[in-house]
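Visitor: only geometry, no sequence info:
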């Protein structure tokens, strides 16, 4: 399923996924109703489905989306303009029921548009905490980078999403990553208070050239033990 194997998840997480119908049985039942169609037809249906989801006034009409999915629509279809796809639009707009339907159908949680934006980045930017949580569980990359080098932490910080920021840090998102402008998530300005003291444990370790040389020498000694 998607980017994570259900067998490796712990029982608490599996129970949580079951609540959303994302357990193995729920997914199998959902996918039994999906028709097999040609690639051309799947693309055509995927395009129509994306247009419906992106249309103003859609209002999370997931039943309409399910009908497209069952007809065999490509749930990962990307448009020509920006490369946007259904999961990304849902993360932007907060269409949670439609989001779940797409996940059940096997939508790629790590898909990127032409600007390399992922659904996880969009959910962090727009404060979609429940979506963000599920994307993380389902194997979405918390350290993926968009075109300008921003990661999801930066998206959350720029748009004042404190809780999403905290969630990502707990999932080991790279808080000291720098984008193409040389900014790190900590340095990005925000109109809200981010208690960055909570992240002291993630502080970078400064290593002097002498320390580095010492580490190299120690590693070389250990390596020699394994050489003939």
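Guide: Looks like it came in fine. Owing to the predicted nature of the structure, the values given are computational and were not obtained by experimental measurement.

Visitor: contacting residues for residue 103?
Guide: Contact analysis of residue 103 by CB atoms under 8 Å, 6 or more residues apart in numbering lists 2, 22, 87, 109, 134, 138. Just so you know, the C-beta spots here come from the backbone N, C-alpha and C atoms, and that holds for glycine as well.

Visitor: quick one: which of the residues you listed has the most company?
Guide: Highest neighbour count within the contacts of residue 103, by other CB atoms under 10 Å: residue 87, with 29 neighbours.

Visitor: which two from the contacts of residue 103 end up farthest apart in space?
Guide: Maximum pairwise distance in the contacts of residue 103, criterion CB to CB, is 13.9 Å, between 22 and 87.

Visitor: quick revisit: out of the contacts of residue 103, which one sits closest to residue 167?
Guide: Each of the contacts of residue 103 was scored against residue 167 by CB to CB, and residue 134 proved nearest at 11.3 Å.

Visitor: distance-wise, check the residue lying closest to residue 88 once chain neighbours are set aside relative to residue 46.
Guide: Of all residues not flanking residue 88 in the chain, residue 119 sits nearest, at 5.0 Å (CB to CB, 6 or more residues apart in numbering). Distance of residue 119 to residue 46, computed by CB to CB, to the nearest Å: 16 Å.

Visitor: more neighbours: the two, which one.
Guide: Neighbours were counted for residue 119 and for residue 46 using other CB under 10 Å; residue 119 has more, 30 against 22.

Visitor: next secondary structure element downstream of the one helix or strand residue 50 maps to?
Guide: Element membership of residue 50, judged by DSSP states H and E, is helix 39-54. Counting by DSSP H and E, the element after helix 39-54 in chain order, helix or strand, is helix 62-70.

Visitor: which of the residues in that following helix are buried?
Guide: Neighbour-count burial for helix 62-70, with 16 or more other CB atoms under 10 Å as criterion, is recorded at 62, 65-66, 68-70.

Visitor: same question, stretch 36-43
Guide: Neighbour-count burial for stretch 36-43 flags residue 42 (criterion: 16+ other CB under 10 Å).

Visitor: and it, what's its mean pLDDT?
Guide: Per-residue pLDDT over stretch 36-43 has a mean of 98.

Visitor: now stretch 122-134
Guide: On average, stretch 122-134 scores 97.

Visitor: low-confidence regions, this structure specifically.
Guide: For the chain, the stretches flagged by pLDDT under 70 are 1-9, 197-212, 214-216, 218-228.

Visitor: quick one: the helices in this structure?
Guide: Ranges of helices within the chain are 11-19, 24-32, 39-54, 62-70, 86-93, 96-104, 119-125, 129-137, 152-158, 162-170, 209-224, based on DSSP state H.
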